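**Q** Sequence first, then the predicted structure:
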Amino acid sequence: MATGTFAIGFGSYVMAGLVPSVSAELDVSVSQVGTLVSVYGFTYAVSTPLLTLVVGRVPRRLLMAVALGLFALATGATAFATTYDQVAVLRGLSAVAAGGFTPTATVLAARLAPPGRRGRAVATVFGGLTTATVLGAPAGNLLGPALGYRGVYALVGGLALVALVSVLALVRVPRTVTAAPSAAGSPSASPAPAAAAEFGPSSRVRTSEGPNSAGRTELAVAAPVVVPDESPRARSTGTPATTAAPAGAGPALPGLVAVVLLVSMLETASALMVQTYSSPLLTDLGGLTGALLSAVLLAYGVAGVAGNVVGGRLADRFGAARSIVLALGTSVLALLLLTPATATAWTALAVFALWGFAAWAMNSPLQNVLLTLAGRHGQLVVALNSSIISLGTGLGALVGGWVVAGPGYAVLGAAAAAVMLVAVVLVAVLSRRPAVAAV
């Protein structure tokens, strides 16, 4: 599943490095090429939660395969597009396909993972996206002049086909799954057939099925029962054997979910306030250009990959809420140090690496919190979070542009730190709630 998130992420982020090539080959302005990025982002934000509701009863394995197939078709067709409008439509289709795969893979990874390893499972899936984030824009800059944007998107289509084959060959339906808690609240220990697993939302392994009292159809996602917590955190603190429920168990807590989604948007907006303008910031404040500038930006991305992995392990070891507070707090510190760090290339590299590590370390812990609080609506909530991230990206770039046009680059890091600090406070308050503290 990580190969799928890599292919989708690469197809998204590579466009940032292909702007000059697309502009030249389609004979359009750079601003029009930027609009293609907006088309992808806003289509993803709007279509992902809607798609999740529409295909809620489609088996998970089939859904991932169809989504990857559509993504491969759309990106491959981009290689043959001859007009700007054609590319825009194909970018929109790619975004719809991405929305069908990424949330599904995230939920499935968490639910197939054994107790105590859910954070690492989610981190592995997110690792594909993280790696694509690191390599996408630099690869576009490198490959665009040699292959053209058409050649690069043909390559992206090939990556999607490799991911499709991987999902079909390696993702297996478990023979038995544990039933969800009964309506009375007592778990059923009887096994269910493979068709009733997470791959098959049409199963009866859930708390309820069909329209609820308000006439709305509940999202058909199976929910496992509470299982013994075998994580080192549970053993070291002496907590009861059945502490935190796995993803999807228990009732949904919509109020807490809304706050966590707000945290996700604030963190993304804060990061993109600076990330969008990192190159001109480093040039304006530190005089960095060429290879030195590339090295600093690469340090951010490489540290982000490491942070994604460590973040999952921290969540399993110390709990998701503590891990998120630590990651966000470290991001605040790095952003505050951003302007003085541009005094030398080495200090800039160190601070950007610290920021990248911390920014990505909170991803899998945040997903774990969302999945737990969402109850059996995990698929929908993860999709909503994907949309929130897309909206946060646009908001961060917009606010960052206002800061650059006003006070200037020197205060951009501090402004982003202020936004991030609000997210830290919200998580600190949330961590006092038992439902969050138990994750």
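**A** Now that the structure is in, tell me what you want to look at.

**Q** which ones are touching Val274?
**A** 281, 335, 338, 400, 412-413, 416 (CB atoms under 8 Å, 6 or more residues apart in numbering). The C-beta positions use only the backbone N, C-alpha and C, and glycine is treated the same way.

**Q** any idea how far Ala320 lies from Arg150?
**A** According to CB to CB, to the nearest Å, Ala320 and Arg150 sit 43 Å apart.

**Q** can you redo the contacts of Val274 as a markdown table with pLDDT?
**A** Below are the contacts of Val274 laid out as a markdown table (pLDDT from 0 to 100):
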| residue | pLDDT |
| --- | --- |
| Leu281 | 81 |
| Leu335 | 96 |
| Leu338 | 94 |
| Gly400 | 79 |
| Leu412 | 89 |
| Gly413 | 94 |
| Ala416 | 94 |
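
**Q** Kindly write the PyMOL command that selects the buried subset of these.
**A** In PyMOL, a selection of the buried entries from those looks like this (16 or more other CB atoms under 10 Å):
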select buried, resi 281+335+338+400+412+413+416
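
**Q** of all the contacts of Val274, which comes closest to Ala65?
**A** Nearest to Ala65 among those is Gly400, at 38.1 Å by CB to CB.

**Q** List the buried residues of stretch 266-280.
**A** Across stretch 266-280, burial judged by 16+ other CB under 10 Å covers 266-278.

**Q** now, which of the contacts of Val274 sits nearest Leu90?
**A** So of these, ranked by how close each gets to Leu90 (CB to CB), first place is Gly400, at 28.5 Å.

**Q** wait, isn't that closest one in contact with Leu412?
**A** Yes - if you go by CB atoms under 8 Å, Gly400 and Leu412 touch, sitting 6.4 Å apart.

**Q** intersection of neighbour lists for these two?
**A** 273-274, 277.

**Q** Kindly confirm my reading that Thr82 is in a helix.
**A** No - looking at Thr82 with DSSP: H, G, I helix; E, B strand; the rest coil, it is coil, so not inside a helix.

**Q** number of nearby residues for it?
**A** 10 (other CB atoms under 10 Å).

**Q** Check Gln367 too.
**A** Gln367, neighbours per other CB under 10 Å, totals 32.

**Q** What of Ala397?
**A** With other CB under 10 Å as criterion, Ala397 counts 18.

**Q** Please name every helix or strand in contact with the host helix or strand of it.
**A** Per DSSP states H and E: Ala397 is located in helix 378-405. Applying 3 or more CB pairs under 8 Å, 6 or more residues apart in numbering; DSSP states H and E, one finds that helix 378-405 contacts helix 30-54, helix 84-112, helix 254-275, helix 363-373, helix 412-430.

**Q** Report the buried residues of the second one.
**A** Judged by neighbour count using 16+ other CB under 10 Å, the buried positions of helix 84-112 are 84, 87-112.

**Q** re the thing from before, and the angle for the helix holding Ala397 with helix 84-112?
**A** 130 degrees (axes from the mean of the first three to the mean of the last three CA atoms, to 10 degrees).

**Q** Tell me what angle helix 378-405 forms with helix 30-54.
**A** Going by the same axes, to 10 degrees, helix 378-405 makes 160 degrees with helix 30-54.

**Q** Helix 378-405: how far from the chain's middle?
**A** 11 Å (CA atoms, centre = their mean, to the nearest Å).

**Q** Switch the helices and strands packed on helix 378-405 over to CSV; also include distance to Gly311.
**A** What follows is these, written out as CSV (distance: least, CB to CB, whole Å):
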stretch, distance to Gly311
helix 30-54, 23
helix 84-112, 14
helix 254-275, 12
helix 363-373, 5
helix 412-430, 14
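
**Q** What mean pLDDT does the helix or strand hosting Arg313 get?
**A** Using DSSP H and E, Arg313 maps to helix 290-318. On average, the pLDDT along helix 290-318 is 81.
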